[in-house]
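Participant: Give me a 3D structure for the following:
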Amino acid sequence: MAKWWRSLRTAIQSPQQPLSPPQPFHSQSSSYHTIQAIPREVVGSRVSAREREQGRIPAVVFSQSLLDINPSNRYNSRKRLLTTEKKQIQAILKSVEIPFFCSTTFPLQIRAGSGSSALLESGTVLPIKIHRDEKTGKILNLVFAWADEGTEMKVDVPGCFQRRRKLSRS
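Facilitator: Residues are numbered from 1 along each chain as shown. Below is the predicted model of the structure:
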């Protein structure tokens, strides 16, 4: 498992530049970062605490329909329990600021296990929530939604306003 995480760290530290013409910052950052994850079968606070001690972050990815309040609008879920590397998520958060992170789609690759090159599933995801510890600010877990092609999604898009100051002449 350590080999797999090390190779992942190398890929994060040296992203390849795209050959296409310059794009807006947010679309560039999502093309640099592919979120790598491995499945997990066991849930619970103790299991999650062990994952965090080992430098990983528990995560879940599911269809956005599960967020719908009306049960009749919900349909079959592609819910997956995952584990991602803490350093990878922190690197993404450095390049994509927090308010923009939750409005940017990222490619997700789910590998069979540590050190495995077998790809179980891949797709595009949208981060919905970053759960942090109130006291320390450390990331406790992540929530993603599948963002398949043609899917309509509700997203909070951050607005950036620049304040102008009035200069007074004395």
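Participant: where in the protein is pLDDT low?
Facilitator: Judged against pLDDT under 70, the low-scoring parts of the chain cover residues 1-32, 64-77, 156-162, 165, 167-170.
Participant: Now with 80, please.
Facilitator: Across the chain, the stretches falling below the confidence threshold (pLDDT under 80) are 1-32, 64-78, 97-99, 114-115, 150-170.
Participant: can you give me the helices in it?
Facilitator: Across the chain, reading from the start of the chain, the helices by DSSP state H fall at 2-13, 25-32, 45-53, 86-95, 98-101.
Participant: list the buried ones in the fourth one?
Facilitator: What that stands for is helix 86-95. Neighbour-count burial for helix 86-95, with 16 or more other C-beta atoms under 10 Å as criterion, is recorded at Lys86, Lys87, Gln88, Ile89, Ala91, Ile92, Leu93, Ser95. (Each C-beta comes from the backbone N, C-alpha and C, glycine too.)
Participant: With the third one instead?
Facilitator: When neighbours are counted by 16+ other C-beta under 10 Å, the buried residues of helix 45-53 are found to be Ser48, Glu51, Arg52.
Participant: With distance to Arg111 as new columns, can those be given to me in TSV?
Facilitator: Rendered in TSV, the data for the buried residues of helix 45-53 read as follows (distance: C-beta to C-beta, whole Å):
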residue	distance to Arg111
Ser48	20
Glu51	16
Arg52	20
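Participant: Out of those residues, which comes closest to Val155?
Facilitator: Using C-beta to C-beta, the shortest approach to Val155 within these belongs to Ser48, at 26.5 Å.
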